[in-house]
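A.B. asks: sequence below, structure please.
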Amino acid sequence: MEKMVRMGKQMFENMNEAEAREYILNQVKDYCEKYHAKKEFREGDRIPYASRVYDSNEMCKLVDSALEFWLTSGRYTEQFEIDFAKYLGIRYCSLVNSGSSANLLAFMTLTSPLLKERQIQRGDEIITVAAGFPTTVAPMIQYGAIPVFVDVTIPQYNIDVDMLEKALSEKTRAVMIAHTLGNPFDLKEVSRFCKEHNLWLIEDNCDALGSEYILDGEIRLTGTIGDIGTSSFYPPHHMTMGEGGAVYTDNPLLHRIIRSLRDWGRDCICPSGHDNFCGHRFDRQYGELPLGYDHKYVYSHFGYNLKATDMQAAIGCAQLEKFPEFVKKRRKNFERLLMGLQDVQDKLILPVAQSDSNPSWFGFMMTCKEGTEREKVVPYIEKHGVQTRMLFAGNLIKHPCFDELRNRKEEYRIVGTLENTDRIMKDTFWVGVYPGMTEEMIDYMIKVIKESLEQ
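C.D. replies: Numbers count the residues shown, from 1 in each chain. Modelled structure (predicted):
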């Protein structure tokens, strides 16, 4: 080993920077291909509900970014934002540090005073659902807005659009909901409702990247139909950069607010490491500040620092190249599961895609019918090596975080009953369809699920 180190040092002495970088990245590629090679599946091996799918391209881009040691947002961030927006067919994309931060940023954008009469104020109401992930709802409560919960449908597991008009009040300002496990909600009806009542629409697209929806005869990607869309790049999601997320919009004013809130609340739009991008750094009047105060330190919002690192963005750039194939594989895995479980529909409710949609499935959801007990089915499946998940919170209102709020009902509303939400909490579970799964893995999952129903 010591001899190899000496030889490496001697080689480096005769290289310029570009040659040294190429040499290092070639070594990284060889390392990845040798030590990160995917192992062949054998029956009984653990099958996770989700996993990273990557190769040496991701690892080389990660190291390439690290060698620059820029660390914060840089050239890879800019490239990812451009390429991701192009993929979505949308004008503006802002990379952030997580999908939960993306939801926070999307909601708080609508509280900006720059929106004037459409600014969401504390005490205003936001229509949403309780069957999902908590960070879709958390920003509303943290700000002081009122979430208005309505039920969902089974087997689509999305908002019951028949409840929208019943949930409407003079305080309603927005609808913020997720496309559940990749299955788009009824965008035609939700969009119509929002336009008719001049409401904002935030699409939590964290579990549905790549899902398609036909609206007005045009195929659109979910996340691009509402006013703001959000994505997550946490490892289980459709593509990953470890931690990471994105907020996107076609609205230039919303984009300006998003960037301000993401970057400490500042008024300046200069990218990191660039000064005087606007050409007016020292010649403007802002509020009661002295004339010519440095624009880089003028703040138009009470913001955050939600940026991602360039190393994360570098991985995202590599993942985005693979992403269309990821979507195809998810759909293929979902269809194989669906066909393989057709003969157990007397015991399980199988998932159904929303009409006019082509989901990029995050998972395969099942609800136990009467006489089939989830508390027996799921432990059997897990014991035999297949990882399962609940539909996240099940019913968020039943969780300890709502204990204090339940004594102050004015801080949220429930419209109608949450009958299906409660049933999902009690009877529903799901397994994965991530693109790293093989046909052998899918077939084993089908076998184990069927066995679990025969106990």
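A.B. asks: let me know the average pLDDT across stretch 77-94.
C.D. replies: Average pLDDT, stretch 77-94: 98.
A.B. asks: how about it as PDB, C-alpha atoms only?
C.D. replies: The C-alpha trace of stretch 77-94 is given here as PDB (Å, rounded to 0.1, in the frame of the first residue of the first chain):
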ATOM      1  CA  THR A  77     -27.100  23.900  -8.500                       C
ATOM      2  CA  GLU A  78     -27.600  26.200 -11.400                       C
ATOM      3  CA  GLN A  79     -27.400  23.400 -13.900                       C
ATOM      4  CA  PHE A  80     -29.900  21.300 -12.000                       C
ATOM      5  CA  GLU A  81     -32.400  24.100 -11.600                       C
ATOM      6  CA  ILE A  82     -32.200  24.700 -15.400                       C
ATOM      7  CA  ASP A  83     -32.400  21.000 -16.400                       C
ATOM      8  CA  PHE A  84     -35.200  20.200 -13.900                       C
ATOM      9  CA  ALA A  85     -37.300  23.100 -15.000                       C
ATOM     10  CA  LYS A  86     -36.800  22.000 -18.600                       C
ATOM     11  CA  TYR A  87     -37.900  18.500 -17.700                       C
ATOM     12  CA  LEU A  88     -41.000  19.800 -16.000                       C
ATOM     13  CA  GLY A  89     -41.800  22.300 -18.800                       C
ATOM     14  CA  ILE A  90     -41.900  25.100 -16.300                       C
ATOM     15  CA  ARG A  91     -40.100  28.500 -16.100                       C
ATOM     16  CA  TYR A  92     -38.600  28.600 -12.600                       C
ATOM     17  CA  CYS A  93     -37.100  26.100 -10.200                       C
ATOM     18  CA  SER A  94     -35.400  26.700  -6.900                       C
END
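A.B. asks: pull up the gap between the closest residue to Val53 other than its chain neighbours and Leu291, please.
C.D. replies: Nearest non-adjacent residue to Val53, counting by C-beta to C-beta, 6 or more residues apart in numbering: Gly436, 4.4 Å away. For every residue, glycine as well, the C-beta is placed using N, CA and C. Noted for Gly436: a distance of 59 Å to Leu291, by C-beta to C-beta, to the nearest Å.
A.B. asks: now for Val129, how many residues are close by?
C.D. replies: 29 (other C-beta atoms under 10 Å).
A.B. asks: am I right that Thr128 is in a strand?
C.D. replies: Yes: with DSSP: H, G, I helix; E, B strand; the rest coil as the criterion, Thr128 is assigned to a strand.
A.B. asks: all further residue positions should be reported with the first residue as 18.
C.D. replies: Understood, numbering begins at 18; the last thing we discussed is Thr145.
A.B. asks: that one: what's it in contact with?
C.D. replies: Thr153, Val154, Met157, Pro164, Val165, Phe166, Val167, Val192, Met193, Ile194 (C-beta atoms under 8 Å, 6 or more residues apart in numbering).
A.B. asks: what are the bridge partners for it, then?
C.D. replies: Phe166 (DSSP bridges).
A.B. asks: measure it to Asp62 for me?
C.D. replies: 39 Å.
A.B. asks: likewise Glu206?
C.D. replies: Glu206 is 43 Å from Asp62, by C-beta to C-beta.
A.B. asks: for this protein, what's the longest helix?
C.D. replies: Ranked by residue count and defined by DSSP state H, the top helix of the chain is helix 327-357.
A.B. asks: what's the first helix or strand after it?
C.D. replies: The helix or strand immediately downstream of helix 327-357 is strand 365-366, counting by DSSP states H and E.
A.B. asks: in terms of neighbours, single out the busier of Gly453 and Leu308.
C.D. replies: Per other C-beta under 10 Å, whichever of Gly453 and Leu308 has more neighbours is Gly453, with 18 against 9.
A.B. asks: for the more buried one, helix, strand, or coil?
C.D. replies: With three-state DSSP as the criterion, Gly453 reads coil.
A.B. asks: pLDDT at it, what is it?
C.D. replies: With respect to pLDDT, Gly453 scores 96.
A.B. asks: am I right that Phe58 is in contact with Glu456?
C.D. replies: No: counting by C-beta atoms under 8 Å, Phe58 does not reach Glu456; the two are 9.7 Å apart.
A.B. asks: those two - which one has more neighbours?
C.D. replies: Just comparing Phe58 and Glu456: by other C-beta under 10 Å the higher neighbour count belongs to Phe58, 16 against 11.
A.B. asks: identify the residues contacting the more buried one.
C.D. replies: Phe58 neighbours (C-beta under 8 Å, 6+ apart): Ile64, Thr455, Glu457, Met458, Tyr461.
A.B. asks: tell me the spacing between it and Leu270.
C.D. replies: From Phe58 across to Leu270, the span is 50 Å (C-beta to C-beta).
A.B. asks: next one: phi and psi at Ala325?
C.D. replies: Main-chain torsions, Ala325, degrees, to the nearest 10: phi -90, psi 170.
A.B. asks: that one and Ile414: what is the separation?
C.D. replies: Taken as C-beta to C-beta, the span from Ala325 to Ile414 is 32 Å.
A.B. asks: my guess is the residue nearest to Val70 meets Lys55, correct?
C.D. replies: Yes: with contact defined as C-beta under 8 Å, Gly453 reaches Lys55; the gap is 7.2 Å.
A.B. asks: Val432 contacts Leu181, correct?
C.D. replies: No: counting by C-beta under 8 Å, Val432 does not reach Leu181; the two are 9.2 Å apart.
A.B. asks: after the helix or strand bottoming out on mean pLDDT in the chain comes which helix or strand?
C.D. replies: When each helix and strand of the chain is scored by mean pLDDT, DSSP states H and E, helix 19-30 comes last, with a mean of 70. Note on helix 19-30: by DSSP H and E, the next helix or strand toward the C-terminus is helix 34-52.
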